[in-house]
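Trainee: 3D, please:
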Amino acid sequence: MAPTPGRTGERDGQCSIDRHDAGAFDVIVGVPTETAADERRVALVPSVAGELVDAGHEVCVAAGAGERATFADEQYEAEGCEIVEDREAVFERADVLFQVTGLGANDAETDPYTDGQIVVGLLGPYDVEDDTLADLADRDVSAFALELMPRISRAQSMDALSSQASLGGYHATLLAAEALPKMFPMEMTAAGTIKPAEVFVIGAGVAGLKAIATAERLGASTKGHDVRLEVKREVESLGADFVELELPTEESGDAEGYAVEMGEEFYAEQRKQMERVVPESDVLITTAAIPGRPAPEIVTTEMIEEMDAGSVVVDLAAETGGNCEPTEAGETVEVDGVSVHGPTDLPSRVAHTASSQYANNLQNFLDNLSDEDGEIDFDFEDEIVDSTLLTHDGTVRNPHLDDEPDETDEDADGDDAAAADGDGGDADAE
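Mentor: A predicted model of the protein is given here:
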């Protein structure tokens, strides 16, 4: 059992906690098994766990935690980790818990966090119950939600939404390529010319750009669209054509580069102009999401009905309502011969790679949270700490709610900031 944490001091904008009375250069990092349905990822992979051990930390891993991501208990043990048979024991022992999903990002019962514990993961900050946060705060649990990572250069190595959204975009294109009864690339054969598949991607954030890049690599004829005209060059640099609509997009992006929510009049005009592009596509991939808000509905059932039979739609915003009218989260529905996929677990389907990327994000986050002596240091002058910390020291902070726009203001549009993630959100469907 880890000792009760002892607060070692407070200074301007900072407080540090050393849970080990001896002040040793280590914390106990715990990795429980994931409990969300269909979750295959693990928060820490053996190679990264080994680096934490080499740095002086202890790592305890619940038996079988990495199994669905193809990491065996023996691999963790070889890196110096302790394997514990009882998942609950991880919560009892750990100073810092690494999770893929927890709290609002997981429909399961709230995990048994212990007093003074630090939790880092995709915690669904927009969906956590107030009572849950109050309880965690009362017990001095410090909960960091990686979805709230600020978009600054220094935070890129910790940006789990982006790392997972990129994999979601990649797998969305593969899903479409497998479901489409046509080849993606153009080929000149003795039996005639094979025309390339027409792929249209809505949203040019992390997931959208990766979907475009993957479609281009597979040889498709690819188009991309985003309300933020500043991403036009990024789309074209991948070899795709940019679809520019006649829309008032002057305020379509925020200071961090995320697309923002627009008003219904904007979406109505966007849908009207989409009517000429969507029916020409063999594959439609949509990635438009807005953190903490329902996804904007951009594609109507009528547009999909105009697509050729056998065409494929992959809606990466399915978890928050979808960009397409007929989308159902986690399901595949058919609309007049067109299959509409609403996956919510794409990063998890490439669990080995996704776990490795996510573990690197967490390791970098822990490094940023530690001072030169290896103590956990809550430096509230650090934008990364301040922006991601939901609860701490008896207080519910919810830093993201401070940024909530006035409901009476004119709203804006979104692109795949989330993940998704997804995945969560990942994710871009994390």
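Trainee: quick one, what contacts Lys210?
Mentor: Neighbouring residues of Lys210 by CB atoms under 8 Å, 6 or more residues apart in numbering: Ala165, Ser166, Leu167, Gly168, Gly169, Tyr170, Thr173. No exception for glycine: its C-beta is placed from N, CA and C like everyone else's.
Trainee: skip the chain neighbours and tell me the closest residue to Val42.
Mentor: Gly66 (4.2 Å; CB to CB, 6 or more residues apart in numbering).
Trainee: actually, Ala43.
Mentor: Closest to Ala43 by CB to CB, 6+ apart is Phe98, at 3.9 Å.
Trainee: can I assume that neighbour sits in a helix?
Mentor: No - judged by DSSP: H, G, I helix; E, B strand; the rest coil, Phe98 forms no part of a helix; its state is strand.
Trainee: I figured Asp73 was touching Cys60, is that so?
Mentor: No - Asp73 is beyond contact range of Cys60, at 11.7 Å (criterion: CB atoms under 8 Å).
Trainee: inside helices: which ones of the contacts of Lys210?
Mentor: Among the contacts of Lys210, DSSP state H puts Ala165, Ser166, Leu167, Gly168, Gly169, Tyr170, Thr173 in helices.
Trainee: so Ala359 is in which element?
Mentor: Using DSSP states H and E, the element containing Ala359 is helix 351-369.
Trainee: check which helices and strands the helix or strand just after that helix sits against.
Mentor: Using DSSP H and E, the helix or strand that follows helix 351-369 towards the C-terminus is strand 376-379. Under the contact criterion of 3 or more CB pairs under 8 Å, 6 or more residues apart in numbering; DSSP states H and E, strand 376-379 touches strand 14-18, helix 351-369.
Trainee: residues of the last one that come out buried?
Mentor: By neighbour count on 16 or more other CB atoms under 10 Å, the buried set for helix 351-369 is 351-366, 368-369.
Trainee: and if you look at stretch 205-215?
Mentor: Gly205, Val206, Ala207, Gly208, Leu209, Lys210, Ala211, Ile212, Ala213, Thr214, Ala215.
Trainee: again, but for stretch 165-181
Mentor: In stretch 165-181, counting by 16+ other CB under 10 Å, buried: 165-177, 179-180.
Trainee: likewise stretch 189-198?
Mentor: Neighbour-count burial for stretch 189-198 [16+ other CB under 10 Å]: Pro196, Ala197, Glu198.
Trainee: name the element the residue lying closest to Asn398 once chain neighbours are set aside belongs to?
Mentor: Distance criterion CB to CB, 6+ apart; nearest residue to Asn398, sequence neighbours excluded, is Leu390 at 6.1 Å. Here Leu390 sits within strand 389-392, counting by DSSP H and E.
Trainee: direction included, what does that strand pair against?
Mentor: strand 142-145 (antiparallel), strand 395-396 (antiparallel) (DSSP bridges).
Trainee: export the ones you listed as JSON lines, with columns for mean pLDDT and distance to Leu122.
Mentor: As requested, those are arranged in JSON lines below (pLDDT from 0 to 100; distance: least, CB to CB, whole Å):
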{"stretch": "strand 142-145", "mean pLDDT": "96", "distance to Leu122": "7"}
{"stretch": "strand 395-396", "mean pLDDT": "92", "distance to Leu122": "19"}
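Trainee: adding distance to Met274, write the ones you listed out as CSV.
Mentor: Output for the strands paired with strand 389-392, formatted as CSV (distance: least, CB to CB, whole Å):
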stretch, distance to Met274
strand 142-145, 33
strand 395-396, 41
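Trainee: so which of the ones you listed is the most surrounded?
Mentor: strand 142-145 (a mean of 26; mean count of other CB atoms under 10 Å).
Trainee: ok, residues contacting it?
Mentor: Contacts of strand 142-145 (CB under 8 Å, 6+ apart): 103, 117-125, 133, 136, 365, 378, 388-393, 400.
Trainee: let's see that with 7 Å instead.
Mentor: Under the criterion CB atoms under 7 Å, 6 or more residues apart in numbering, residues Leu103, Ile118, Val119, Val120, Leu123, Pro125, Leu136, Thr388, Leu389, Leu390, Thr391, His392 lie in contact with strand 142-145.
Trainee: with adjacent residues omitted, what lies nearest to Ile384?
Mentor: Per CB to CB, 6+ apart, closest to Ile384 is Ala155, 5.3 Å.
Trainee: what's the burial count for the one you found?
Mentor: 21 (other CB atoms under 10 Å).
Trainee: now do Ala105
Mentor: Using other CB under 10 Å: Ala105 sits among 28 other residues.
Trainee: isn't it right next to Leu122, touching?
Mentor: Yes - Ala105 lies in contact with Leu122 (CB atoms under 7 Å); the separation is 4.8 Å.
Trainee: give me the distance between the closest residue to Asn360 other than its chain neighbours and Gly66.
Mentor: Sequence neighbours aside, Val48 is the residue nearest to Asn360 in space, at 6.3 Å (criterion: CB to CB, 6+ apart). Noted for Val48: a distance of 11 Å to Gly66, by CB to CB, to the nearest Å.
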